[in-house]
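J.: Below: sequence and its predicted model.
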Amino acid sequence: ADVRAVEVQQGAALAAALARSSRSNRKLDKMEKEMEVASAALRSLHGNLTLCEDELERDVLERRALEHEFNELEENEAARWVTVAAKQLASRPPEEGHCRASSSSRPPGANYKEWNQ
């Protein structure tokens, strides 16, 4: 009878251990599924981050191109205004007491109107 009691006790202990093992396996399975979901979420975030980095790089390149274009336009506009101002100055007769700068310099004492004709 003592042997039978020991066998029952060992059987009960074995059943309890199996129950604990089964619960642990279910917990591990649940954790494994959660890890798979988290891993998929991380892969998705990584993909989104890569897309954002690519978009940012395109935006930076576009901004540089626009800045370059703007600078060229600004330089062209400044050059145009200088040309307009130079033409306006060239078409005006010199004021009294001022000399006119030109590529062909008038000899001192020469009459302005006679020299420009």
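T.: Done, it's in. Residues are numbered from 1 along each chain as shown.

J.: Helices along this protein, start to end?
T.: According to DSSP state H, the chain carries its helices in the segments 2-91, 112-116.

J.: any idea which of those helices scores lowest on pLDDT?
T.: With a mean of 58, helix 112-116 has the lowest mean pLDDT of the helices of the chain.

J.: circling back: can I get the helices of the chain in JSON lines with mean neighbour count?
T.: (Glycine included, C-beta is placed from N, CA and C.) Below are these laid out as JSON lines (neighbours: other Cβ atoms under 10 Å):
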{"stretch": "helix 2-91", "mean neighbour count": "10"}
{"stretch": "helix 112-116", "mean neighbour count": "11"}
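
J.: residue furthest from the geometric center of the protein?
T.: Taking Cα atoms, centre = their mean as the measure, the residue most remote from the mean C-alpha position of the chain is Ala1, 82.5 Å away.

J.: Export only the CA atoms of stretch 83-93, formatted as CSV.
T.: Presented in CSV, the C-alpha positions along stretch 83-93 are these (Å, rounded to 0.1, in the frame of the first residue of the first chain):
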residue,chain,number,x,y,z
THR,A,83,22.1,97.3,-68.1
VAL,A,84,18.9,99.4,-67.9
ALA,A,85,20.6,101.9,-65.6
ALA,A,86,23.7,102.1,-67.9
LYS,A,87,21.5,102.7,-70.9
GLN,A,88,19.6,105.4,-69.1
LEU,A,89,22.8,107.0,-68.0
ALA,A,90,24.3,106.7,-71.5
SER,A,91,21.2,108.4,-73.1
ARG,A,92,21.3,111.4,-70.7
PRO,A,93,23.3,114.4,-71.5
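
J.: For stretch 25-33, output the C-alpha coordinates as PDB.
T.: Coordinates of each C-alpha in stretch 25-33 appear next as PDB, following Å, rounded to 0.1, in the frame of the first residue of the first chain:
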ATOM      1  CA  ASN A  25       4.500  26.300 -23.400                       C
ATOM      2  CA  ARG A  26       1.300  28.200 -24.000                       C
ATOM      3  CA  LYS A  27       2.900  31.300 -22.500                       C
ATOM      4  CA  LEU A  28       6.000  30.800 -24.700                       C
ATOM      5  CA  ASP A  29       3.800  30.300 -27.800                       C
ATOM      6  CA  LYS A  30       1.900  33.500 -27.000                       C
ATOM      7  CA  MET A  31       5.200  35.400 -26.500                       C
ATOM      8  CA  GLU A  32       6.500  34.000 -29.800                       C
ATOM      9  CA  LYS A  33       3.400  35.300 -31.600                       C
END
